[in-house]
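Visitor: Sequence and predicted model, in that order:
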Amino acid sequence: MRKLLASGAATLGLLGSCLGAAQAADSPTPRLHDFVRTARDSALDARDLIPAPDDLDESSQELDDQISAPVPEDLEAAPAPVSEAPGTDDSTPDGLVTPNPQADAQDDEADCQARQAAALAAGDESPVSCVSWGASASAAELRAAVTAWPTPDWCDDHGANGQWYVNRFKACGVFSANLTVTNPRTGAVVGRMHYLTVAYAYGVRDIKTWAYQVELLQVSASGVAVGSSAGGKGTCAGKCKVTESKFPSQAMSASGEPVGQFFLDTTIQTSPKGQKGDGQASAKWRFTNPQWAGPSNEISLPTPPVRCDNALPGTSKTGCVMPYIPEMVYARNGEFPELAEHIEYAQTTKNLPGRHGTKRYLTRLTDKVKRKENRDTACPTTLPRPAGKQCDEYPFASTWQGAKTGGDFSRRMINGPQNEDGGRALGRFYLYNRIIEKDKFLVWIK
């Protein structure tokens, strides 16, 4: 029976409603995306109540309630690989490491060689075990892994193979690794194991806690690698602490999969408003076997860095996000066709920033005075408005690229209700994605 994050969810007081992560083969417990689907309709009914960006107060009970509602599925961002996602021109935060496990491959190999040399010098003929990250998994291995482990649909061979895939609140990856057991005197390999690590980290937009889970899936084993066990711990670097770490030694076989499960809290201050900080969880484990003199070297798999903050305008709640730059989507044939047409013109004809597929990002501006200056510069009250029309500006007044703070801009008279409703949609986008001051985003016209 597979074990997932179970008891830790109870410590949040949110089992089945937010992080709910337990799932046993014979008695499944609701997980995050299950709850989202269950409550999606109520969220759709409520989302029109969210004010436009310029109406957001420093703290609003209305928005506190809205941010705790599950995000409508049509607003949930598609995942992207960390190595190729927008924003990878940014450096890894100080004190944290790249989430690519291959970055430490040379150090792992040097550690293994040193351990073998030490055993040889001591005259110890007991096998020495070493574990290291391997090449990407085959398509067949990937399919078997994601079938065995309840990860998001997108954690499969479409990309999450040997690298992390992320959206704003989830990260997933499948990583190939090898255990090699060597006779230190002869150098002969006396045992091998090939296995996959399925890793999944996830959080909720209005909670200071996130979760990380790993499962080790044996693909093949031979010699004295057969019958090995794996166990370890979770750690956290940066602005976070481990509140629960469960990775006891567990036997590994074709049908037995060791599981590590961890809960982490941000350590940023909850007041005053405007605090933020980055944290990074790592799962670490070793292999043991009665046929060996000692355990293998320790191997580590860090998650992508997680940014937590209490700086989201309109709500007092702390929350955490993954390193993913979201995109606001407006459809040409959607609810706001005149708004979408104007933005497309501004991005393509006038070459203004924020276009999908580029790294010319928009960055959020939360200062009310500066936002008003942007709006007054692009759409002064002296500008005539035809009946039923309002002045729409791009880039948005709520960005640092706006007419006053940025410079170049486009304006157009468009349908009034579309302009107002499109602004409220932008407010929902900011809220659901925890887009705070100077956070980057793009606008995709589909």
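Guide: Good, I have the coordinates. The model shown is predicted, which means the values in this text are computed figures rather than measured ones. Numbers count the residues shown, from 1 in each chain.

Visitor: Any stretches of the protein with poor pLDDT?
Guide: 1-60, 62, 70-77, 81, 83-92, 94-95, 102-105, 136-150, 156-159 (pLDDT under 70).

Visitor: Try it again at 80.
Guide: Applying pLDDT under 80 to the chain flags the ranges 1-126, 134-160, 293.

Visitor: now the helices: where do they sit in it?
Guide: Secondary structure of the chain (DSSP state H): helices located at 7-12, 32-46, 61-67, 105-121, 139-148, 337-348, 368-378, 416-432.

Visitor: Which positions in the last one come out as buried?
Guide: Neighbour-count burial for helix 416-432 flags 416, 418-419, 421-432 (criterion: 16 or more other CB atoms under 10 Å). Placement of C-beta: from N, CA and C, glycine included.

Visitor: now the angle from it to helix 337-348?
Guide: If you take axes from the mean of the first three to the mean of the last three CA atoms, to 10 degrees, helix 416-432 sits at 70 degrees to helix 337-348.

Visitor: What is helix 416-432 packed up against?
Guide: helix 61-67, strand 327-330, helix 337-348, strand 389-394 (3 or more CB pairs under 8 Å, 6 or more residues apart in numbering; DSSP states H and E).

Visitor: which among the buried residues of helix 416-432 gets closest to residue 107?
Guide: Lowest distance from residue 107 to the buried residues of helix 416-432 (CB to CB) belongs to residue 432, with 39.8 Å.

Visitor: For that closest one, give its distance to residue 398.
Guide: Residue 432 sits at a distance of 15 Å from residue 398 (criterion: CB to CB, to the nearest Å).

Visitor: What of residue 170?
Guide: Counting by CB to CB, the separation of residue 170 from residue 398 is 26 Å.

Visitor: In terms of neighbours, single out the busier of those two.
Guide: residue 398 (26 against 23; other CB atoms under 10 Å).

Visitor: Isn't the more buried one up against residue 372?
Guide: No. Taking contacts as CB atoms under 8 Å, residue 398 lies outside contact range of residue 372: 10.5 Å.

Visitor: CA-only coordinates of stretch 221-239 in PDB, if you can.
Guide: Extracted in PDB, the C-alpha atoms of stretch 221-239 (Å, rounded to 0.1, in the frame of the first residue of the first chain):
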ATOM      1  CA  ALA A 221      18.200  -4.700  -9.300                       C
ATOM      2  CA  SER A 222      20.900  -7.400  -9.300                       C
ATOM      3  CA  GLY A 223      23.600  -8.900  -7.100                       C
ATOM      4  CA  VAL A 224      24.000  -7.500  -3.600                       C
ATOM      5  CA  ALA A 225      21.900  -4.400  -4.500                       C
ATOM      6  CA  VAL A 226      18.800  -6.700  -4.200                       C
ATOM      7  CA  GLY A 227      17.000  -6.200  -0.900                       C
ATOM      8  CA  SER A 228      18.300  -2.700  -0.200                       C
ATOM      9  CA  SER A 229      16.500  -0.200   2.000                       C
ATOM     10  CA  ALA A 230      16.300   3.600   1.700                       C
ATOM     11  CA  GLY A 231      15.600   6.200   4.300                       C
ATOM     12  CA  GLY A 232      16.500   9.800   5.000                       C
ATOM     13  CA  LYS A 233      15.200  13.200   6.000                       C
ATOM     14  CA  GLY A 234      14.000  16.500   4.800                       C
ATOM     15  CA  THR A 235      15.800  19.800   5.200                       C
ATOM     16  CA  CYS A 236      15.100  23.400   4.300                       C
ATOM     17  CA  ALA A 237      17.400  26.300   3.400                       C
ATOM     18  CA  GLY A 238      16.700  30.000   3.400                       C
ATOM     19  CA  LYS A 239      13.500  31.500   4.900                       C
END
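
Visitor: Same question for that stretch: list its buried residues.
Guide: For stretch 221-239, burial by neighbour count (16+ other CB under 10 Å) applies to 221, 224-226, 228-239.

Visitor: Just name the closest of these to residue 160, please.
Guide: The shortest approach to residue 160 among the buried residues of stretch 221-239 belongs to residue 234, at 20.6 Å (CB to CB).

Visitor: what's the nearest residue to that closest one if we skip its chain neighbours?
Guide: Nearest non-adjacent residue to residue 234, counting by CB to CB, 6 or more residues apart in numbering: residue 262, 3.3 Å away.

Visitor: same deal with residue 78?
Guide: Excluding the flanking residues, the one nearest residue 78 by CB to CB, 6+ apart is residue 167, at 6.6 Å.

Visitor: ok, that neighbour to residue 110 distance?
Guide: Counting by CB to CB, the gap from residue 167 to residue 110 is 36 Å.

Visitor: Looking at these two now, which is surrounded by more residues?
Guide: More crowded of residue 167 and residue 110, by other CB under 10 Å: residue 167, with 21 against 10.

Visitor: Pretty sure the more buried one sits against residue 322.
Guide: Yes. In this structure, residue 167 is within contact of residue 322 by CB under 8 Å, at 6.8 Å.

Visitor: For the residue nearest to residue 395 when sequence neighbours are not counted, grab phi and psi.
Guide: Sequence neighbours aside, residue 401 is the residue nearest to residue 395 in space, at 3.9 Å (criterion: CB to CB, 6+ apart). The phi/psi pair for residue 401 (degrees, to the nearest 10) reads phi -90, psi 10.

Visitor: Does residue 249 touch residue 288 like I think?
Guide: Yes. With contacts counted by CB under 8 Å, residue 249 reaches residue 288, the gap being 6.6 Å.
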